[in-house]
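1. here's my sequence, what's the structure:
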Amino acid sequence: MQQGINQRFGLLLQQAIALELCGLLLMGQKVELQLFLHLLQLQQIQLRLVAGFLELLLQGVDAGGLVVRHRLRLAIERWMTVATGRGLRKLTTAAPDLNAVYAHRVFRSLEEFRPFLQAEHPRWREAVQAALRRMAVAGIRDSLSDAPIPPQELQVEHANLRETVSHQGVISRQRAVLLVLRQLVDSGELPAWPSLRLYLSEAVTPFAERLKQEVPRLRCSEYLPEPDHWLRGQVPHRDLRRISLPPATFHAVICNEVLEHVEELVPSLQGMAEVLSLGGYLIATVPFLYGQQEHLVKAIWRGEGQEPEVIGEPDYHGNPVSNEGSLVYRYPGWQLLSDLNTAGFRDAAVHAISSTAYGVVGEELPIVFVLVARR
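-> As a prediction, the model looks like this:
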């Protein structure tokens, strides 16, 4: 099996032992269909998983074993036909309707979100496991192009699925951002890709590289406060409080996992609002405290040249342009929507995105929260 499907996919791959055993038996001798079915039943392999596991297995069979491949495929096709009345499900189906393959709910306050939380929370663990099973079987699709991504190309590096289920460096929460951006473009709320003027507060990441493939008028930057930083001169340095670009330059701004690190939150939001045209959109993600109104403050900025006041143990998150990481100043709660209104945005909301088809899933819940605010 491919090493990229690991950790949380491990249970699913253990269930595929029966198929691997069948493959070994088929290499050496004929196996009666009844024995094949018996092995499947012993492993309690769910009907809808069999086809996907077959695809994984066939990729691992020696290229010279064409007869084995054919015999194994025929055996499973027979079993699928007998059990379900269908033939083998192919993984390369037609591109799905975007609205049909992911859930997109919008909330504008904690009070509005609470009933949803109470109703859905008991099912979240099961929903996360179901999402993992589907991705292990069928893979996912690219959030912008709908190109199929087979399961062996996915990587799960740790338990926090929001921060992994990676393909070419793009992870779950970033695919949620891309889905929101795509929906705004498809609906006409934003211009088509060739005309879209987009600002991204990162430049040296796989996410930035993916957007460069679709958005020719993309502008990127990094926060490089040290004058001698090794990227100075190669990548634009911009502080969100003072982006230093003409007002109303962009149709949209994307800000991934940055707002928890900025020294001053509202001035940073104002800086992004300033460079957005009227009707433009801010799309952002943060480590969101979805169950509380107030921010959890971890550090307080005390001015230029001053050390921040750290509250409790300091928290640092990874930073692609700093080996030291970035200090967390706050974990945002629903108060963030009020901060956006103060900064000049309107219709600020939290979008709850969930899609196994596009690989959008969290750790403790099957959704990723995306902040969307209109200028």
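
2. ranges for the helices of the stretch 201-350 of the chain?
-> For the stretch 201-350 of the chain, applying DSSP state H, counting those that start in this stretch gives helices covering 206-212, 265-275, 335-342.

3. so Asn256 touches His317, yeah?
-> No: with contact defined as C-beta atoms under 8 Å, Asn256 does not count as touching His317 (11.6 Å). (C-beta placed from N, C-alpha, C; glycine too.)

4. so these two - more neighbours on which side?
-> Legend: neighbour count by other C-beta atoms under 10 Å for Asn256 and His317, higher for Asn256 (20 against 12).

5. bridged to the more buried one, which residues?
-> With DSSP bridges applied, Asn256 shows beta-bridge pairing to Thr285.

6. and the pLDDT at it?
-> The per-residue pLDDT reported for Asn256 equals 98.

7. from here on, count from 759
-> Yep, numbering from 759; the last one is Asn1014 now.

8. OK, contacts around it?
-> Arg931, Gln932, Val935, Ser959, Glu960, Phe965, Ala1042, Thr1043 (C-beta atoms under 8 Å, 6 or more residues apart in numbering).

9. where along the stretch 809-958 of the chain do the strands fall?
-> For the stretch 809-958 of the chain, the strands defined by DSSP state E, counting those that start in this stretch cover 861-865, 898-899, 906-907, 956-958.

10. now do the longest one: everything it contacts.
-> So that's strand 861-865. Contacts of strand 861-865 (C-beta under 8 Å, 6+ apart): 871, 874, 937-938, 941, 1107-1113, 1125, 1130.

11. mind running it again at 10 Å?
-> 856, 870-872, 874-875, 878, 934, 937-938, 941, 1048, 1092, 1095, 1105, 1107-1114, 1118, 1124-1125, 1127-1128, 1130 (C-beta atoms under 10 Å, 6 or more residues apart in numbering).

12. and for the last one?
-> Where contact means C-beta under 10 Å, 6+ apart, the residues beyond strand 956-958 that reach it are 939, 948-949, 965-966, 969-970, 972-979, 996, 1001, 1003, 1007-1014, 1030, 1033-1034, 1038-1041.

13. given it, what are its sheet partners and their directions?
-> strand 976-978 (parallel), strand 1008-1014 (parallel).

14. Ala861 - how many residues pack around it?
-> Residues near Ala861, counting by other C-beta under 10 Å: 13.

15. pLDDT wise, what is Leu856 at?
-> Leu856 is given a pLDDT of 50.

16. actually, Glu813.
-> Glu813 is given a pLDDT of 46.

17. so what does the helix of greatest length in the chain touch, helix or strand wise?
-> The longest helix of the chain (DSSP state H) is helix 868-896. Applying 3 or more C-beta pairs under 10 Å, 6 or more residues apart in numbering; DSSP states H and E, we find helix 868-896 packed against helix 768-773, helix 808-818, strand 861-865, strand 906-907, strand 1104-1112.

18. which one of the ones you listed has the lowest average pLDDT?
-> Lowest mean pLDDT within the helices and strands packed on helix 868-896: helix 768-773, a mean of 42.

19. with distance to Asn1099 added, can I get the strands of the stretch 809-958 of the chain in JSON lines?
-> Shown next, in JSON lines, are the strands of the stretch 809-958 of the chain (distance: least, C-beta to C-beta, whole Å):
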{"stretch": "strand 861-865", "distance to Asn1099": "15"}
{"stretch": "strand 898-899", "distance to Asn1099": "35"}
{"stretch": "strand 906-907", "distance to Asn1099": "38"}
{"stretch": "strand 956-958", "distance to Asn1099": "21"}
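
20. low pLDDT regions in the stretch 809-958 of the chain?
-> 809-859 (pLDDT under 70).

21. just the buried members of the contacts of strand 956-958?
-> 939, 948, 965-966, 969, 972-973, 976-979, 996, 1001, 1003, 1007-1014, 1030, 1033-1034, 1038-1041 (16 or more other C-beta atoms under 10 Å).
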